[in-house]
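1. Sequence and predicted model, in that order:
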Amino acid sequence: MYKGLTAQGEACTEVFGLNDRGVLVEGRRTAYGTAKQSVELWRIATDRNQHSKAAEVVRVAWNRPLADVLAAMFHQSEHPAAELLFDGEEEILSLLRDPALREGFLSHA
């Protein structure tokens, strides 16, 4: 769900129905699941020394619709309340904080 940080952000969320239009909410939910899978696939590929495959995972992840969800996940993983934001998602939070994974993804963002 989107939460405006300013009055203008709140107005945009309301005017465009960003939290009320089911298709938009479901799209972000799907984008989150896809982003998680990309991060996990990158880890598997690098653990197997399949670096070209890992690079392809990154390329595809950043070229997907709603790649901003992936960017937000990296940003939120460094937030002081990250443990609360990723409650029940400790494994993905750990991956998002991994220096090698961050380098692999964020150097190509």
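-> Perfect, thanks for sending it. Everything numeric in this text was worked out from a predicted model, so none of it was measured.
2. Every contact and neighbour count from this point should use C-alpha atoms.
-> OK.
3. who are the neighbours in contact with R28?
-> Residues near R28 by C-alpha atoms under 8 Å, 6 or more residues apart in numbering: L66, V69.
4. and if you look at I92?
-> Per C-alpha under 8 Å, 6+ apart, neighbours of I92: K36, V39, E40, F86.
5. Could you find the closest non-adjacent residue to the second one?
-> Nearest non-adjacent residue to V39, counting by C-alpha to C-alpha, 6 or more residues apart in numbering: L95, 7.2 Å away.
6. what about the one you found, neighbour count?
-> Neighbours of L95 under the rule other C-alpha atoms under 10 Å: 19.
7. Kindly report the same for K36.
-> Residues lying near K36 (other C-alpha under 10 Å) number 21.
8. From R97, how far out is it?
-> According to C-alpha to C-alpha, to the nearest Å, K36 and R97 sit 13 Å apart.
9. element containing the most centrally placed residue in the chain, please.
-> Nearest residue to the geometric centre of the chain (C-alpha atoms, centre = their mean): L70, 2.3 Å. Assessed by DSSP states H and E, L70 sits inside helix 67-76.
10. what are the ranges of the strands in the protein?
-> Applying DSSP state E to the chain gives no strands.
11. So, low pLDDT: which residues of it?
-> Flagging of the chain using pLDDT under 70 yields the residue ranges 109.
12. redo that, cut-off 80
-> Low-confidence segments of the chain (pLDDT under 80): 1-5, 25, 108-109.
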